[in-house]
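1. structure of the sequence below:
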Amino acid sequence: MNFWNSLFGKKKDKKENENSRSPFMSEKKDPIEISFVNNFKEKGGRFLFAESESDFKSFFENILNENHWSKSDIFSLDSEIVKNFNIDVNEDGIISKGKKVAFIKCEFLIANTGGILISSNQIKDLPLIELPEYIIVKANTNQFARDVSEGMSKLKALYSKNLPTNITTLNAKNPEKESYFLSHGNSAKNIYLLLQE
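-> Numbering: from 1, shown residues only. As a prediction, this is how the structure comes out:
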């Protein structure tokens, strides 16, 4: 299934769909990708789909420009991200106070909640609250899971010999829906998700 077509494909006439379905059939569910994107965006996450590596790099530059960030404002523990995007390396896992944004990968994208499953592979032993307020997440279309349970099963299968630690779910923060009082001290972040096919 082509992700792009399933997300933005032509929709059938509503009446046509209603007439062709039996009232005894269970309700048709959205594909896992669509469920994730809808839930992620509803929570306040910003979603960008890149068809190529050049699109991906262009989106990254646009995010920097939109927020008036430079590459020196970015924190990353991933050597591939550091190399491909010319970012200063932070191998020691210590976030300096000047860093405004973290750039990480993820383990899985959780469809039923719109959350992002991450582990020590992405953030070492850092608690979410110590990460910068803004996070850019790089993901692929093969990283979807229906729920946390499925995500954990896939994680165990992927790392059967050496399961990562610090497994947690990263959630987007919607400043329009949350007051400062309610969001103060929680680990929700302003997230840009760059998804590549």
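2. going forward, measure contacts and count neighbours with C-alpha atoms only.
-> Fine.
3. what about the protein, any weak spots by pLDDT?
-> In the predicted model of the chain, residues 1-28, 90-94, 96, 175-186 satisfy pLDDT under 70.
4. and the helix or strand encompassing Ala102, what does it pack onto?
-> Remark: Ala102 resides in strand 101-105, with elements defined by DSSP states H and E. In terms of contacts (3 or more CA pairs under 8 Å, 6 or more residues apart in numbering; DSSP states H and E), strand 101-105 is packed against strand 74-75, helix 120-123, strand 134-140.
5. which stretch among those comes nearest Leu163?
-> Nearest to Leu163 among the helices and strands packed on strand 101-105 is helix 120-123 (9.6 Å), distances taken as CA to CA.
6. follow-up on the earlier one: how about the helices and strands packed on strand 101-105 in JSON lines, adding mean neighbour count and distance to Lys29?
-> Formatted as JSON lines, these follow (neighbours: other CA atoms under 10 Å; distance: least, CA to CA, whole Å):
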{"stretch": "strand 74-75", "mean neighbour count": "26", "distance to Lys29": "38"}
{"stretch": "helix 120-123", "mean neighbour count": "19", "distance to Lys29": "31"}
{"stretch": "strand 134-140", "mean neighbour count": "19", "distance to Lys29": "22"}
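7. nearest to Ser153, of the ones you listed?
-> If we rank those by CA to CA, the stretch that ends up nearest is helix 120-123, at 16.6 Å.
8. now the longest helix seen in the chain against strand 101-105, angle please.
-> Longest among the helix segments of the chain by residue count, using DSSP state H, is helix 53-67. Interaxial angle of helix 53-67 relative to strand 101-105 (axes from the mean of the first three to the mean of the last three CA atoms, to 10 degrees): 160 degrees.
9. how about helix 53-67: buried residues?
-> When neighbours are counted by 16 or more other CA atoms under 10 Å, the buried residues of helix 53-67 are found to be 56, 59-60, 64.
10. so how many other residues sit close to Ile110?
-> Neighbourhood size, Ile110 [other CA atoms under 10 Å]: 28.
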